[in-house]
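When you get a sec, could you give me coordinates for this:
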Amino acid sequence: MPSAQGGIPVSTPRTQKFTAQDVAPNRRRGGDIRVLLSPKTVKSTSGFMGVLTLEPGEYVSEHRHPYSEEFLYVVRGSMLLTVEDEPVRLGAGDSVMVAIDDRHRLENDGAEPAFVVFHLSPLAPRPELGHVDTEPLPAPDQVVPEVG
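This next block holds a predicted model:
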């Protein structure tokens, strides 16, 4: 079993560790979205979690989640979140919750890359019901990695 410094296990059969590099990026809706912990990766039953990297000028197209709240935490950089046509400026250390079914869009209108951790909960009854696009996608032909 792999171990960290001092012989402490980094993964056990009950606890699985993932890094962003373990997951293929999803760029179909914009940016670099990686779902890390999900029903498919760790058999979660209440939600899923991942990371988003947005380079300057990149955005995640407007969408809504009919069954889930979305929690966002900006680790570094800054961006503009638009929720139901209302702009919210976010910077490093800021967090926000997007309510169930609220249309929202993320845009890095700054000069530095932005890195965000996100979590959605509860899960939709079926994965295909969890996300509704409300704006044309920047990369609609990209094959989406099979995740969460």
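
what's the neighbour count on residue 16?
Residue 16: 14 surrounding residues under other C-beta atoms under 10 Å. From N, CA and C alone the C-beta is placed, and that goes for glycine too.

can you tell me how far it sits from residue 35?
14 Å (C-beta to C-beta, to the nearest Å).

Next: residue 21.
14 Å.

got any residues that touch both of residue 16 and residue 35?
Taking C-beta atoms under 8 Å, 6 or more residues apart in numbering as the criterion, residue 16 and residue 35 both touch residue 41.

isn't residue 99 right up against residue 67?
No: assessed by C-beta atoms under 8 Å, residue 99 is found out of contact with residue 67, at 11.7 Å.

Same drill for these two, tell me which one is more crowded.
Ranked by neighbour count (other C-beta under 10 Å), residue 99 and residue 67 place residue 67 first, with 16 against 13.

tell me which element the closest residue to that one other than its chain neighbours falls in.
Leaving aside its chain neighbours, residue 67 sits nearest to residue 124 (4.1 Å; criterion: C-beta to C-beta, 6 or more residues apart in numbering). Counting by DSSP states H and E, there is no helix or strand that carries residue 124.

likewise residue 46?
In this structure, residue 46 sits in neither a helix nor a strand according to DSSP H and E.

burial measure for it, as a count.
With other C-beta under 10 Å as criterion, residue 46 counts 10.

The nearest residue to it once chain neighbours are set aside pairs with what?
Spatial nearest neighbour of residue 46, chain neighbours left out: residue 121 (5.5 Å); criterion: C-beta to C-beta, 6+ apart. Beta bridges link residue 121 to residue 69 when assigned by DSSP bridges.

now residue 121: how far from residue 85?
Distance from residue 121 to residue 85, by C-beta to C-beta: 25 Å.

roughly how far out does the lowest-mean-pLDDT helix or strand in the chain sit from the chain middle?
Scoring the helices and strands of the chain by mean pLDDT, DSSP states H and E places helix 39-42 at the bottom, with a mean of 89. Counting by C-alpha atoms, centre = their mean, to the nearest Å, helix 39-42 is centred 15 Å from the centre of its parent chain.

what's the span of stretch 41-60 from first residue to last?
End-to-end distance of stretch 41-60 (C-alpha to C-alpha, to the nearest Å): 23 Å.

which of the residues in it are buried?
Judged by neighbour count using 16 or more other C-beta atoms under 10 Å, the buried positions of stretch 41-60 are 41-42, 47-54, 58-60.
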